[in-house]
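Chemist: Provided below are the primary sequence and the corresponding predicted coordinates.
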Amino acid sequence: MIDLPPMTDPTHLAAMRICSNMLPASFICSPALYVVLTFTEVNLSIQHGNTAIASHSYACCAHLLCGVFGDIEAGHQFGQLAVNLQRRLNAKEFECKVESIVYAFVNHWKAPLRDSLLPIRAAHFSGLETGDLQFAGYAAVMYPGFMYLLGIEKDLAQLRVETTALNETIYRTRQTISFQYSQILRQSMHDMVEGRTEETTNLQGEYYDEQAMLPQQIEANDRMGLFYLYSNKLLLNYLFGAYEQALEDATQAEQYLDAVAGFPYVPLFVAYDSLARLAAYRAGHGDAEQVQARVEANQAKLGSWAQHAPMNWRHTWDLVEAERQRVFGQAWAALEAYDHAIAGASAHGFLREAALTNELAAGFYQERGKEQLAQAHMQAAHAGYLRWGAVAKAAQLEQRHARWLAPTTVGRRVGPYTTSHTVTSTILGARLDLGSVIKASQAIAGEIELPRLLDHMMRIVIENAGAQRGTLLLERSGGWAVAAYGEVDTPDIVILSEGGPPDRAGVSLGLVNYVARTREGIVLNDAAGIGPFTSDPIIRQRKAKSVLCAPLINQGQVSGILYLENNLAASAFTPDRVELLTLLSAQMAMSLDNAHSYARLEAKVAERTRELAKAKESAEQANALKTKFLANMSHELRTPLNAILNFTKFLSKERYGTLSERQQELQQRVLVNADHLLGLINDILDLSKIEAGKIELHREMVDMLPLLHGVMATAVGLTRDKELRLDLIAPEALPLVLIDKTRIRQVLLNLLSNAAKFTMQGGITVRASSDGQMLLVDVQDTGVGIAPEHQALAFEEFRQIQDDSQPEQQGTGLGLPISKRLVEMHGGRIWLESTPGIGSTFSFSLPLAGQPDGAQPALQTPTEDRLTW
């Protein structure tokens, strides 16, 4: 289908545009209409050809095949068709739509869900660039929404910063619907991290007020928004143990499930619907047979989806299955399913599901009196929730299981960092000014040139992290080298473009290599006194106290390493400062990669510029040699050719006797071909002079009427054999022009010769006029005309427009290009209009000469004369 011919019919194109414009609104408010519009567009494309809009149609079709009809294989193929067609046609205006739909609704049914995140984020920026603000807004909600609701590996503190920045963009671009969805998401994340402001199961706070907004969404029939609200509530209420309310949320969300068909939220809903029902039944609510039947039906759906994408949904199926077996008394089956769910969620980066499964497994073991196993799983759950950033949930576990979750002195991960002192979950609960964090992140993101970026980064880090000294290391030649360093008491940041050895900058290479290898940051609160690096020579030499070493990671690769030091006090890098660096590290890593890419691009541009300059110089030299050669050859050929012409003409003189008829025919052939060859040589010589810039115009004030009369008289010989009519239409007087009369005469004869060559009957008309600023000359014929696809070639050197009716055409292919150059040298322009089978008109313009005493050039006289030759 990608090779279908292009759609050209205006009615069908209009129908495609109308349907395409209606699709987004119908998707939100009327799923049935969305289906009709989508397949109408697909049918139009199949019957009448492809257009850029078809890439959007195919993407919507892929969405329906996967999400509504369950044909994942066919849907995946249509998704690839949509993306490939959009890219083949370079339809940038549809890039945001197509990429958003394919990667939000289609790709995850067969590919890892995390593979959809960056394309959706890129689609957001593409939409901003092309003006597709509606879909840019959708992408700005889907990108953080997928990561949060599906619990994919990303710290919630950092995700909240990104969501806030995207939310501001949505607000500035006035995307009301997307803004409401983003506010729901922000409130849900707020409650997960900071807890609810009061004992309520509603979604209510500084970002979203359910009591105020719910009636508006119901009145607007915002089905997607309503599902989004209830699915967020379902997640929160289930995780915090409000199982009855979670079941009510699931019941409400189910009404609007068709509005999100194809989204990964659908499998998520199916799983949490089962979990809420099982939990409510375990608490004494619900009928066993009804619960069992509903959960089995849900498991059948999850199992089918897990067959196509086990990396996304198998662990979810295992989690529900473990709870089902637990509730209905199959202990060994439950135990095995818990283990599979934990392993699968951990392997594929689903942090929340891994933590939740550990929490539920702890309850399972506690019910059976297995306290040690229960404690181990609860501690794993607690650590998992902290790793995800769900501080409020982790705090709830601490309150409920205080005897198992007492603070320890073992190094515990906090975001990407490891510390060597006592840590509790309150570390991640430290309140930061998100506005300041975002401002710092934007300052870093605003730099693209590496030296300026390094300067900004180091200033921000040193000022905000509590460091005396800060160093940034980048990988050079397989090792780590110092790229920039600075000190709090020194105003300047030192940039080392070639890189410097870490030990000379007071950096522990052993600590740097450890962080690069483990990809985890480390905080040493008394580096020289306690911990694994007390014997490191640099740390001992500097008697280091507080040291923080952190990797900057983007897309799984370590882009750089920060090394911060404070020798005035131990424990200088407080939890809130560590959290600040956690939030900024991703932006720093991304900006470093962007700066490196920009530097490589600049280097390539500079290299290409040098190559182009060298190539230009070589081309100019070659062109000069060619021009010199053509000029020399033209002179060398013209001399013997003139001799041939003269001696051939002498043969017709009576002194040599009368030529026979056959001899006269041969003599005429020699003269015609010699004249043609002489014309070719003259044209080549003219072209070489023009290209070399050696042709000089001998300008003079010229009245065009006598010049035109002379040219027409000369042109009679071109038309005599075909008995063509030759007309000149001009006013009684024309304004003067400052021209080289010989060169303009050459242009006119070239155009007339061209017209005569391609005109078999009818005539040629030359028309002259003036518009008060330019003199206009048209040469119109009734010849064969020129096809539209050939018209652009007419003024190119050595191009001949072929006419099948004249297989033995003569011509150099230089007359029109030379005419174009000569007209342009006079400050005018030349162009053509042609209709195949009717004829052609070649026109050129020349500036009028200035009049004395500031008078304006005379305008064209209304009366015209027609002269015929």
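Modeler: Sure thing, it's come through.

Chemist: Give me the nearest residue to H285, chain neighbours excluded.
Modeler: In this structure, H285 finds its nearest non-sequential neighbour in E244, 6.3 Å apart by C-beta to C-beta, 6 or more residues apart in numbering. Just so you know, the C-beta spots here come from the backbone N, C-alpha and C atoms, and that holds for glycine as well.

Chemist: how about that neighbour, what does it touch?
Modeler: By C-beta atoms under 8 Å, 6 or more residues apart in numbering, the residues touching E244 are 280, 283, 285.

Chemist: and the gap between it and N84?
Modeler: Distance from E244 to N84, counting by C-beta to C-beta, to the nearest Å: 49 Å.

Chemist: tell me the contacts of C19?
Modeler: Residues in contact with C19 (C-beta under 8 Å, 6+ apart) are 37-38, 40-41, 57.

Chemist: switch to 7 Å and redo it
Modeler: 37, 40-41 (C-beta atoms under 7 Å, 6 or more residues apart in numbering).

Chemist: likewise S559?
Modeler: 552-553, 589, 592-593.

Chemist: try it again with 6 Å
Modeler: By C-beta atoms under 6 Å, 6 or more residues apart in numbering, the residues touching S559 are 552, 589, 592-593.

Chemist: Need these in a markdown table (columns: pLDDT).
Modeler: Shown next, in a markdown table, are the contacts of S559 (pLDDT from 0 to 100):
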| residue | pLDDT |
| --- | --- |
| L552 | 88 |
| A589 | 81 |
| L592 | 84 |
| D593 | 79 |
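
Chemist: From S100, how far out is the spatially most central residue of the chain?
Modeler: The centre of the chain sits closest to S126, judged by C-alpha atoms, centre = their mean, with a distance of 5.1 Å. S126 sits at a distance of 9 Å from S100 (criterion: C-beta to C-beta).

Chemist: T11 now?
Modeler: Counting by C-beta to C-beta, the gap from T11 to S100 is 29 Å.

Chemist: Comparing the two, which shows the higher neighbour count?
Modeler: The neighbour comparison of T11 against S100 (other C-beta atoms under 10 Å) goes to S100, with 26 against 8.

Chemist: Helix or strand: which one has that one?
Modeler: helix 95-101 (DSSP states H and E).

Chemist: Can you dump the C-alpha atoms of that helix in PDB for me?
Modeler: Only the C-alpha atoms of helix 95-101 are listed here, as PDB (Å, rounded to 0.1, in the frame of the first residue of the first chain):
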ATOM      1  CA  GLU A  95       4.900  13.500  12.100                       C
ATOM      2  CA  CYS A  96       3.600  14.400  15.600                       C
ATOM      3  CA  LYS A  97       0.200  12.800  14.900                       C
ATOM      4  CA  VAL A  98       1.600   9.600  13.400                       C
ATOM      5  CA  GLU A  99       4.400   9.000  15.900                       C
ATOM      6  CA  SER A 100       2.100   9.800  18.800                       C
ATOM      7  CA  ILE A 101      -0.600   7.300  17.700                       C
END
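
Chemist: Now the element after that helix, going C-ward?
Modeler: With DSSP H and E, the next secondary element past helix 95-101 is helix 117-130.

Chemist: Let me see the mean pLDDT of that next one.
Modeler: The pLDDT scores in helix 117-130 average 87.

Chemist: Neighbour count added to the contacts of C19, as JSON lines?
Modeler: Formatted as JSON lines, these follow (neighbours: other C-beta atoms under 10 Å):
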{"residue": "L37", "neighbour count": "21"}
{"residue": "T40", "neighbour count": "15"}
{"residue": "E41", "neighbour count": "25"}
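
Chemist: Give me the subset of those residues that lies in helices.
Modeler: Among the contacts of C19, DSSP state H puts 37, 40-41 in helices.

Chemist: Name the residues of the helix or strand in which L832 is found that are buried.
Modeler: For L832, the element it lies in under DSSP H and E is strand 830-835. Neighbour counts over strand 830-835 (16 or more other C-beta atoms under 10 Å) mark 830, 832, 834 as buried.

Chemist: Tell me the buried residues in the host helix or strand of G79?
Modeler: Remark: G79 resides in helix 72-88, with elements defined by DSSP H and E. Using 16+ other C-beta under 10 Å as the test for burial, helix 72-88 gives 72, 75-83, 85-86.

Chemist: repeat for stretch 385-395
Modeler: So stretch 385-395, judged by 16+ other C-beta under 10 Å, has buried residues 385-395.

Chemist: One more: stretch 303-310?
Modeler: For stretch 303-310, burial by neighbour count (16+ other C-beta under 10 Å) applies to 305-306, 308-309.

Chemist: what's in contact with that stretch?
Modeler: 72, 109-110, 267, 313-314, 317.

Chemist: again, only this time at 10 Å
Modeler: 66, 70, 72-73, 76, 107-113, 264, 266-267, 270, 299, 312-318, 320-321, 344, 348 (C-beta atoms under 10 Å, 6 or more residues apart in numbering).

Chemist: Just the buried ones from those?
Modeler: Looks like those have 66, 72, 76, 107-111, 113, 264, 266-267, 270, 299, 312-318, 320-321, 344, 348 buried, using 16+ other C-beta under 10 Å.

Chemist: which of the contacts of E244 has the most neighbours?
Modeler: Result: A280 is most packed of these (other C-beta under 10 Å), 20 neighbours.

Chemist: Checking my notes, it in a helix, right?
Modeler: Yes - assigned with DSSP: H, G, I helix; E, B strand; the rest coil, A280 falls within a helix.

Chemist: Run through the residues that contact it.
Modeler: A280 neighbours (C-beta under 10 Å, 6+ apart): 238, 243-248, 250, 286, 291.

Chemist: all helices of the stretch 251-400 of the chain, in order?
Modeler: Ranges of helices in the stretch 251-400 of the chain, per DSSP state H, counting those that start in this stretch, are 265-282, 288-308, 310-327, 331-347, 351-367, 371-388, 391-400.
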